[in-house]
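[1] Turn this into a structure:
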Amino acid sequence: MDGRILAAVLVALVLLGILALMAFAWRRRVARDAQVGPLAELPDPRPVPSLTVEVLYVATSKHDQPLERLALQGLRYRSRVTLELGTDGVVVDVPGERPTFIPATSIVGVDQTNLTIDRVVEPGGLIRLSWRPVPTVIADSTFRVLEQADRARIIETVTSLIPATDAGLRPTGTPDTVADTTSADDSTPPPHERA
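    So this is what the prediction gives:
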């Protein structure tokens, strides 16, 4: 067999092996995160939003662990989404998925950051919404808002929803606390976006 053909076959086999491992790891993560429990049901009738904004949904991760993805139902894949905010909570409407409802009572913080899984942007370029999918878990869902005015309106609206018991908490690295601040995260990655 020609050496070039053999090399091409070996490269193809290695690539297939890597893809198989990635698929296996993703399935394990989805199965693991399915044990978090069912998320809140979207109320019927659907809540009327006071603010509706088109944003880019980036990822959901464990609180204060921006590289540790949570593959929650309806929030597994990056997408352009409609964010609906109202007195009942927040609806993340991902095309092709069941809308994810985040009740106001489960929201524990909102702030700005510049990094999460597979994404680094300018300081304060992402909105981080911290919430409890179940009482024992805090998740951070991040969104890329393109219009500065929308960013301020989202943060203001979400801040008004945070229950008094959670308002004012500051991050300490423990799983039971979360930021409620609108100041930008001044971490040092360069002010450009990497895919």
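
[2] Could I get the CA-only coordinates of stretch 96-103 as CSV?
    Taking C-alpha atoms only, stretch 96-103 is exported to CSV below (Å, rounded to 0.1, in the frame of the first residue of the first chain):
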residue,chain,number,x,y,z
GLY,A,96,-36.1,24.3,18.4
GLU,A,97,-36.1,23.8,22.2
ARG,A,98,-38.7,23.9,24.9
PRO,A,99,-38.5,27.4,26.4
THR,A,100,-36.5,27.5,29.7
PHE,A,101,-38.3,29.3,32.5
ILE,A,102,-36.2,30.8,35.3
PRO,A,103,-38.6,31.8,38.1
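
[3] quick check: mean pLDDT across that stretch?
    Rounded to a whole number, the mean pLDDT of stretch 96-103 is 88.

[4] Stretch 120-129 too?
    The average pLDDT within stretch 120-129 is 89.

[5] Could you report the distance from Ser160 to Leu129?
    For Ser160, the distance to Leu129 (Cβ to Cβ, to the nearest Å) stands at 13 Å. Quick note: C-beta positions are derived from backbone N, CA and C, even for glycine.

[6] Kindly list the longest strand within this structure.
    strand 51-62 (DSSP state E).

[7] tell me which residues in that strand are buried?
    Of all the residues in strand 51-62, those buried under the rule 16 or more other Cβ atoms under 10 Å are 53, 55, 57-62.

[8] ok, now stretch 118-129?
    Neighbour counts over stretch 118-129 (16+ other Cβ under 10 Å) mark 119-121, 123-129 as buried.
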